[in-house]
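> what's the 3D shape of this:
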Amino acid sequence: MSQSPTANQPLTLVVYDDNGQSLGPQSLPPVVKSETEWRAELTADEFRVGRQHGTERAFTGAYHATKTPGLYRCAGCGTALFAAQAKFDSGTGWPSFFAPVAKENVATDRDDRFGVSRTEVHCRRCGNHLGHVFPDGPPPTGERYCINSVSLRFVPLGAKS
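Numbering: from 1, shown residues only. As a prediction, this is how the structure comes out:
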């Protein structure tokens, strides 16, 4: 199970503007909140998936078929996680990406729940559960980041957030 960051560990993350341009690495404080604070800020589904490691049903998420250029940010803290140009149709019913926008912005942990070993992906800044990564994706990485739509907030290129 992923560990949420602690308040005394500054993080170096790569920051992006809403046009998908990197503003470079920056030292940022982790986002640490109580369960009560998370419940107040997230929808019931966002909390169930992001904070309790749940999943949404295949083909039900808002972004599984989205093809619009833009940036996918963490629903919990707004950290840039995935760019639309790394998205592909995996046929699984979840948004799939061959790479995060910056490796520094995501973290992984071994997930042995449900009797199978997988690699969980979560937001490095707030610990929000995003989904899992598998070694069966397309080039150039060969990875498939299978991500829950409810864990993301999509910002179309050029939009004001």
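> Pretty sure Q85 sits against G70.
No. Under the criterion of C-beta atoms under 8 Å, Q85 makes no contact with G70, lying 9.5 Å away. (C-beta placed from N, C-alpha, C; glycine too.)
> Which one of these two is surrounded by more residues?
Residue environment comparison for Q85 versus G70 gives the larger neighbour count to G70, 21 against 14, counting by other C-beta atoms under 10 Å.
> now stretch 80-94: mean pLDDT?
Averaging the model's pLDDT scores along stretch 80-94 yields 96.
> I meant to write stretch 22-32 there.
For stretch 22-32, the mean confidence score works out to 96.
> Keeping just the C-alphas, turn that stretch into CSV.
Only the C-alpha atoms of stretch 22-32 are listed here, as CSV (Å, rounded to 0.1, in the frame of the first residue of the first chain):
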residue,chain,number,x,y,z
SER,A,22,7.7,22.5,-18.2
LEU,A,23,8.6,25.2,-15.7
GLY,A,24,11.3,22.9,-14.4
PRO,A,25,12.0,21.1,-11.2
GLN,A,26,10.9,22.9,-8.0
SER,A,27,11.0,22.1,-4.4
LEU,A,28,7.5,21.9,-3.1
PRO,A,29,5.9,20.8,0.2
PRO,A,30,4.0,17.6,0.2
VAL,A,31,0.2,17.8,0.5
VAL,A,32,-0.7,16.2,3.8
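> And it, what's buried?
Neighbour-count burial for stretch 22-32, with 16 or more other C-beta atoms under 10 Å as criterion, is recorded at 30-31.
> Enumerate the helices of this structure by residue range, in sequence order.
Per DSSP state H, the chain has helices spanning 35-41, 44-50. These are given in chain order.
> Tell me which other helices or strands the first one touches.
Here helix 35-41 is seen to pack against helix 44-50 when contacts are counted using 3 or more C-beta pairs under 8 Å, 6 or more residues apart in numbering; DSSP states H and E.
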